[in-house]
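Trainee: A predicted structure for the sequence below; I have some questions about it.
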Amino acid sequence: MKTITSLVLLAMIFGSCQNDDILPTEQAATVVNTQDSQVTNSTAKTVSGNVPSHDPSTIVKSGVNYYVFTTGDNIPMTYTRDLANWTWGTSVFTSTPSWITGYVPGFVKTFWAPDVAWFNNRWNMYYSCSTFGSATSAIGLVTTPAISQSAGTTWTDRGVVVSSSSASDVNAIDPSILVDGSNVYMAYGSWHAGIGVIQINPSTGKTTGSKTIVAGGNSASWEAPCLIKEGSYYYMFVNRGTCCNGVNSTYYIVVGRSTSPFGPFVDKNGVSLKSGGGTTVLASQGNYIGPGHLSRITGTQKGAVHYYDGADGGNPKLEIVYFTWSSGWPTLSY
């Protein structure tokens, strides 16, 4: 059900970038290419730079820089020191891993919706492979010990994590990783059978046990989950509506909470996210149209979304959001 407009794909054109990063204990790395096209982020309140963004990953920090990875050819990356002024870095892939076409025939180099988390002494990046409107999809894993803004270190291909082949299954796209102490969980899914949560073995980065469907189903508009923990509750943020239509996008973000990462997740009114519940926490505001694909920066009350810029023809942009809490329930603001 997820489609990506040509403006996103055309924006992902790359050239080379310099390396002056300072690498910490928890680091990661990348490979090739920066962007040549110019897209002005004219209405953003905090983010600047010619860096279109769709389906941003969790923003992670390594050394002096923050990094975010997005939908696009070879998984584009941008970096910043202040969460405001972003610059193109290097993409993750130089070629598509060979195993993907066995799961997703017809897949080309446009990867969707990556997410990144630090565990097992390495960065673990989960990414989506699919084709427009299809439930034939897969989530893959690559790892690296250090992230840098420039070329020189490749990611290690770890192969498939989950896959799907029919609309009766949870569509294997849009991974969201939660590291909760010694436990790791992945939420994922889009339309079709809804949103699933499955546990990840920290040693391998692969799944263990079976998935639990926690939201949506019956091909309703649920996708781009974000699973976080705050206090004693787990919170499932999910997008409703549709993306990828520029100023006509109808994305908005809802939330439910649970005492377990496997649900049941209910909204403020006690309605399950499997029964159409969900308390709205962020919707279109002025030129900030169709906000989506929420993540939270680990250890902070800041996060990120993409939105479609009404002042720039609906081009997708990155923006920082802020979490606030009252009586155990979140709100989001720019």
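Mentor: Cool, got the structure.

Trainee: what is the mean pLDDT for the helix or strand hosting Pro291?
Mentor: Pro291 belongs to strand 288-296 when assigned by DSSP states H and E. Mean pLDDT, computed over strand 288-296, is 97.

Trainee: helix or strand right after that strand?
Mentor: Following strand 288-296 in sequence, per DSSP H and E, is strand 302-309.

Trainee: quick one: residues contacting the residue nearest to Ser249 when sequence neighbours are not counted.
Mentor: Spatial nearest neighbour of Ser249, excluding adjacent residues (Cβ to Cβ, 6 or more residues apart in numbering): Gly290 at 3.2 Å. Glycine gets a C-beta too; all of them are placed from N, C-alpha and C. By Cβ atoms under 8 Å, 6 or more residues apart in numbering, the contact list for Gly290 reads 241, 243, 245, 249-252, 284, 307-308.

Trainee: cutoff 10 Å now
Mentor: 239, 241-252, 283-284, 305-308, 310, 314, 316 (Cβ atoms under 10 Å, 6 or more residues apart in numbering).

Trainee: please save the CA atoms from the strand holding Pro291 in CSV.
Mentor: Provided in CSV are the C-alpha atoms of strand 288-296 (Å, rounded to 0.1, in the frame of the first residue of the first chain):
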residue,chain,number,x,y,z
TYR,A,288,3.3,20.8,7.8
ILE,A,289,1.1,18.4,5.9
GLY,A,290,0.8,14.6,6.5
PRO,A,291,3.4,14.1,9.3
GLY,A,292,4.6,10.6,9.6
HIS,A,293,7.1,7.9,10.4
LEU,A,294,7.9,9.0,14.0
SER,A,295,10.9,8.0,15.9
ARG,A,296,12.5,9.1,19.2
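
Trainee: which residue is nearest the middle of this protein?
Mentor: Ser57 (3.7 Å; Cα atoms, centre = their mean).

Trainee: need the three-state assignment for Val179.
Mentor: Under DSSP: H, G, I helix; E, B strand; the rest coil, the three-state class of Val179 is strand.

Trainee: this structure: helices as residue ranges?
Mentor: Applying DSSP state H to the chain gives helices spanning 6-11, 100-103.
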